[in-house]
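# Let me see the structure of the following:
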Amino acid sequence: MMEVKRSDEWHATALTAEQAAERLGMTGKALRSWLRAHRPDGAVQVPPQKNGSWYLGEELVTALEAGNRVSKQTPNARTATPPDAAPLQPSTRPPQPDQSVISEPNTTETVEAPAGSGDRALEWSAWVPFGDVMAVAPRSPGVYMMRLAADPERGPVYIGMAGERKGNGVRGRLAIYFSGQGAASGLGGHAFDRALADPVWVEERLREAREGRSERAKKAARSAIDHLGLEVRWTLVSSRAEALLLESQLIGQYRDQLWNW
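Residues are numbered from 1 along each chain as shown. Okay, the predicted model is just below:
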């Protein structure tokens with residue numbers, strides 16, 4: 001395979017994935033996942049294999065900041081020293097992912113997309129009480145957010161994502177919390193932390209133990225989530241990589257009010 005080396009000027013101005021992620025307001029992990037999935041022109045992985053370091057040209061980073069569409073690499077461009085990037089296309093936008101409309105609830109909300117995700121608006125489902133979510137959550141990749149039903153004006157307190165998950169998508173991810181399986185990580189861990197800080201909730205668990213009615217771990221984990229009084233909504237995307245990218249952008253947008261920041 002013929003390799004065409006980048007100019008010294010390109011290497012001098014190239015950014016590492018971590019530097020680019022900081023400018024884009026997202027995590028390095030999310031950016032690297034997006035780069036592996038799309039391999040755009042203007043990015044190079046050294047060495048071109050798993051665990052190789054990513055470097056991005058200034059033109060690519062600027063285009064991503066503006067939400068512009070970028071060209072994918074040709075096979076030759078996947079080497080450690082690819083040819084110069086093809087011109088970016090500032091007049092076009094990324095294709096919109098499939099925003100399948102769920103049958104329930106039948107109310108959606110369209111809001112402005114976070115910076116760096118392009119100019120498409122995000123279509124969110126209606127807010128659903130956590131206890132009802134299994135009946136309506138979609139089996140597609142997406143991003144979900146949660147808020148306190150008692151304090152909706154505060155906005156989201158937790159944001160997460162779900163990939164394909166063997167065809168179960170957002171529903172599969174929420175099912176982990178619904179069943180109490182995610183007691184020590186993600187939302188389950190944050191719920192337990194807050195429940196254990198509430199003397200009323202702790203006293204109820206102690207009373208059950210004294211009466212010989214102590215709960216199993218999964219049931220206690222679900223009780224901790226129910227104690228919060230959460231509502232959930234979601235927006236759908238086309239792939240796990242896109243879900244990771246959008247999750248990171250939304251966490252950056254709401255970071256000051258989230259539990260998982």
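# Lys166 - nearest residue in space that isn't next to it in sequence?
Distances taken as Cβ to Cβ, 6 or more residues apart in numbering put Gly172 closest to Lys166, at 7.0 Å, once the chain neighbours are dropped. Where you see a C-beta, it was placed from the backbone N, CA and C, and this is true even at glycine.
# Which residues does the helix or strand that neighbour falls within contact?
For Gly172, the host element (DSSP states H and E) is helix 169-178. If you take Cβ atoms under 8 Å, 6 or more residues apart in numbering as the criterion, helix 169-178 is touched by 130, 133-134, 137-142, 144, 160-163, 165-166, 168, 182, 186-188, 222, 225, 232, 234, 236.
# If any of those are buried, give me the ChimeraX selection for them.
Of the contacts of helix 169-178, the buried ones go into a single ChimeraX selection, burial set by 16 or more other Cβ atoms under 10 Å:
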select :130,133,137,138,139,140,141,142,144,160,161,162,163,165,168,182,186,187,188,222,225,232,234,236
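# still on that earlier bit, pLDDT on the helix holding Gly172, on average?
The average pLDDT within helix 169-178 is 90.
# Keeping just the C-alphas, turn that helix into PDB.
Taking Å, rounded to 0.1, in the frame of the first residue of the first chain, the C-alpha atoms of helix 169-178 are listed here in PDB:
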ATOM      1  CA  GLY A 169     -31.400  -0.100  22.600                       C
ATOM      2  CA  VAL A 170     -32.700   2.400  25.000                       C
ATOM      3  CA  ARG A 171     -35.200   0.000  26.500                       C
ATOM      4  CA  GLY A 172     -32.400  -2.500  27.200                       C
ATOM      5  CA  ARG A 173     -30.400   0.000  29.100                       C
ATOM      6  CA  LEU A 174     -33.300   1.300  31.200                       C
ATOM      7  CA  ALA A 175     -34.300  -2.300  31.900                       C
ATOM      8  CA  ILE A 176     -31.000  -2.700  33.800                       C
ATOM      9  CA  TYR A 177     -32.100   0.000  36.300                       C
ATOM     10  CA  PHE A 178     -35.700  -1.000  36.200                       C
END
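# Show me how far whatever helix or strand comes next after that helix is from its chain's centre.
Moving toward the C-terminus from helix 169-178, the next helix or strand (DSSP H and E) is helix 186-196. Distance, stretch centre to chain centre, for helix 186-196: 20 Å (Cα atoms, centre = their mean, to the nearest Å).
# Helix 186-196 relative to helix 169-178, how many degrees between them?
On the basis of axes from the mean of the first three to the mean of the last three Cα atoms, to 10 degrees, helix 186-196 is oriented at 30 degrees to helix 169-178.
# Could you check helix 186-196 and say which residues are buried?
Gly186, Leu187, Gly188, Gly189, His190, Ala191, Phe192, Arg194, Ala195.
# State the distance from the last one to Arg222.
If I follow you right, that is Ala195. Distance from Ala195 to Arg222, counting by Cβ to Cβ, to the nearest Å: 11 Å.
# quick one, strands of the stretch 1-150 of the chain?
15-16, 43-46, 53-56, 108-111, 122-125, 128-129, 142-148 (DSSP state E, counting those that start in this stretch).
# shaky segments in this structure?
Within the chain, the stretches falling below the threshold (pLDDT under 70) are 1-11, 67-120, 165, 261.
# what's the spacing between the residue lying farthest from the centre of it and Asp198?
Distance from the C-alpha centroid of the chain peaks at Glu211, with 42.6 Å (Cα atoms, centre = their mean). Distance of Glu211 to Asp198, given as Cβ to Cβ: 20 Å.
# just to revisit the earlier point, can you put the buried residues of helix 186-196 in a markdown table and add distance to Ala21?
Formatted as a markdown table, the buried residues of helix 186-196 follow (distance: Cβ to Cβ, whole Å):
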| residue | distance to Ala21 |
| --- | --- |
| Gly186 | 21 |
| Leu187 | 24 |
| Gly188 | 27 |
| Gly189 | 24 |
| His190 | 24 |
| Ala191 | 29 |
| Phe192 | 30 |
| Arg194 | 30 |
| Ala195 | 33 |
